[in-house]
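S.K.: next comes the sequence, and after it the predicted model I'd like to discuss.
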Amino acid sequence: MILVLGASGYIGNNLYKNFLEEGFDVAGTYSSKKIDGLIHFDIRNMNLDKINLSKKISHIIISSGINISIDNSKKDWKNSYYVNVTKTKKIIDYCFDKNITPIYISSDGVFDGQKGGYVEIDKKNPINCYGVIKNEVEDYLLKSGNKFIILRMGRVFGADLNDNTIITNTVRQLKERKKLLCADDEIFTPIYIKDLSIALIQLVRKGYEGVIHLISIEATSRYKIAMAVKKYFNLHDTEIIPCKINSLGLLEKRPLLINLDSSKSNSLIGNKHYDIGYYLDIIKKKI
């Protein structure tokens, strides 16, 4: 059985549904917002022993947490660290004690963004609180000597205009306004939520262990995404203004060249890349 912690959140809920669709025995948890079919579990004050499942758990996907945005991690550092590091380590300890493989949803934010094209074995050096959190949990897994999966990825996006992800937000914003300010110097590799689910399902079936990078679109920027959306939807009366990400007055500094190299996942599971037009076709069909 697969247990998805945080199955009420965007990533966790999609993973939960896709594992179900693929015929896996799956259970999922929610924290505060009750969802039918999910189990209540608050990582802050509950232990996993409180969850009684009829079948043995093989993997636990750690997709729960608080303050998952970069700036909020710093604003509420004490609580962010407690939940996303201290309590997450307790979950990992539980996994190791029960011979369960933890699957940790990590981030390109573990890198400092100095070079880009990062492979799995590149040196990590986070430059903001969010990256520090992800890096510390990664290191706990890496130094454990036990089985685990670490998924590193850039921004996760979907195809529903109301999902509040990077590409659909850009579509909606450009349709609603005449001007949009977009950073052109922060280079990253986004991943489509469905691609993430498919990749993880394949990794579990193959019994994969270790770190792996997942991407759907080659290195891009918010500016390039916006320009592609403008062209695709013929939004000629909109103005897209390029800017520098760290000139926007954000609380935390952003690493710039954080695009990931996915050669390993390409070889292992045939992870395919498409241009943004492929995903805009999917979005258009849902509008």
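M.R.: Received the coordinates, thanks. Residues are numbered from 1 along each chain as shown.

S.K.: so Gly249, which state does it fall into?
M.R.: Using DSSP: H, G, I helix; E, B strand; the rest coil, the structure places Gly249 in coil.

S.K.: ok, it to Ser221 distance?
M.R.: Between Gly249 and Ser221 the distance is 19 Å, computed by CB to CB, to the nearest Å. Just so you know, the C-beta spots here come from the backbone N, C-alpha and C atoms, and that holds for glycine as well.

S.K.: with neighbour numbers in mind, choose between the two.
M.R.: Ser221 (19 against 5; other CB atoms under 10 Å).

S.K.: tell me the pLDDT at that one?
M.R.: As summarised for this prediction, Ser221 has a pLDDT of 98.

S.K.: if I look at it, how far off is Ser106?
M.R.: Taking CB to CB as the measure, Ser221 and Ser106 are separated by 22 Å.

S.K.: what of Arg152?
M.R.: Relative to Ser106, Arg152 is positioned 5 Å away (CB to CB).

S.K.: for the helix or strand where Tyr279 lies, name the packing helices and strands.
M.R.: If you go by DSSP states H and E, Tyr279 is part of helix 276-286. Helix 276-286 is packed against helix 166-176, helix 222-232, with contacts defined by 3 or more CB pairs under 8 Å, 6 or more residues apart in numbering; DSSP states H and E.

S.K.: and that helix, what's buried?
M.R.: Buried residues in helix 276-286, counting neighbours by 16 or more other CB atoms under 10 Å, are found at Ile276, Tyr279, Leu280, Ile283.

S.K.: do stretch 69-84 as well
M.R.: Neighbour-count burial for stretch 69-84, with 16+ other CB under 10 Å as criterion, is recorded at Ile70, Asn72, Ser73, Lys74, Ser80, Tyr81, Val83, Asn84.

S.K.: show me what contacts Asp42?
M.R.: Ser31, Ser32 (CB atoms under 8 Å, 6 or more residues apart in numbering).

S.K.: actually Phe148, not the one I typed
M.R.: Contacts for Phe148 were tallied using CB under 8 Å, 6+ apart; they are Ile92, Cys95, Thr101, Pro102, Ile103, Tyr104, Leu141, Glu209, Gly210.

S.K.: go on, Glu252?
M.R.: Going by CB under 8 Å, 6+ apart, Glu252 touches Ile70, Asp71, Ser73, Lys74, Asn128, Cys129, Tyr130.

S.K.: re the thing from before, any idea of the angle the helix holding Tyr279 forms with helix 222-232?
M.R.: 60 degrees (axes from the mean of the first three to the mean of the last three CA atoms, to 10 degrees).

S.K.: who are the packing partners of the helix or strand of the chain with the lowest mean pLDDT?
M.R.: Using mean pLDDT, DSSP states H and E, the weakest-scoring helix or strand in the chain turns out to be helix 70-75, at a mean of 89. Using 3+ CB pairs under 8 Å, 6+ apart as the contact criterion, the secondary-structure elements in contact with helix 70-75 are helix 77-81, helix 129-142.

S.K.: for the last one, give me every contacting residue.
M.R.: For helix 129-142, the external contacting residues (CB under 8 Å, 6+ apart) are 68-70, 73-74, 77, 80-81, 84-85, 88-89, 92, 102, 104, 106-107, 109-111, 124, 126, 148, 150, 211, 252, 255.

S.K.: ok so, going back, render the CA-only coordinates of the least confident helix or strand of the chain in PDB, please.
M.R.: Once side chains and other backbone atoms are set aside, the C-alpha atoms of helix 70-75 remain, and they are given as PDB (Å, rounded to 0.1, in the frame of the first residue of the first chain):
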ATOM      1  CA  ILE A  70       9.700  30.600  -0.400                       C
ATOM      2  CA  ASP A  71       8.800  33.900   1.400                       C
ATOM      3  CA  ASN A  72       6.400  32.300   3.900                       C
ATOM      4  CA  SER A  73       9.100  29.800   4.900                       C
ATOM      5  CA  LYS A  74      11.200  32.800   6.200                       C
ATOM      6  CA  LYS A  75       8.200  34.800   7.600                       C
END
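
S.K.: and the residue lying farthest from the centre of the chain, how far from Tyr82?
M.R.: Using CA atoms, centre = their mean, the residue of the chain lying farthest from its centre is Asp237. It sits 33.1 Å away. Going from Asp237 to Tyr82 by CB to CB gives 48 Å.

S.K.: repeat that for Ser32.
M.R.: With the distance defined as CB to CB, Ser32 ends up 16 Å from Tyr82.

S.K.: how about Ala7, phi and psi?
M.R.: Listed backbone geometry of Ala7 is phi -80, psi 0, with angles given as degrees, to the nearest 10.

S.K.: understood, closing this out.
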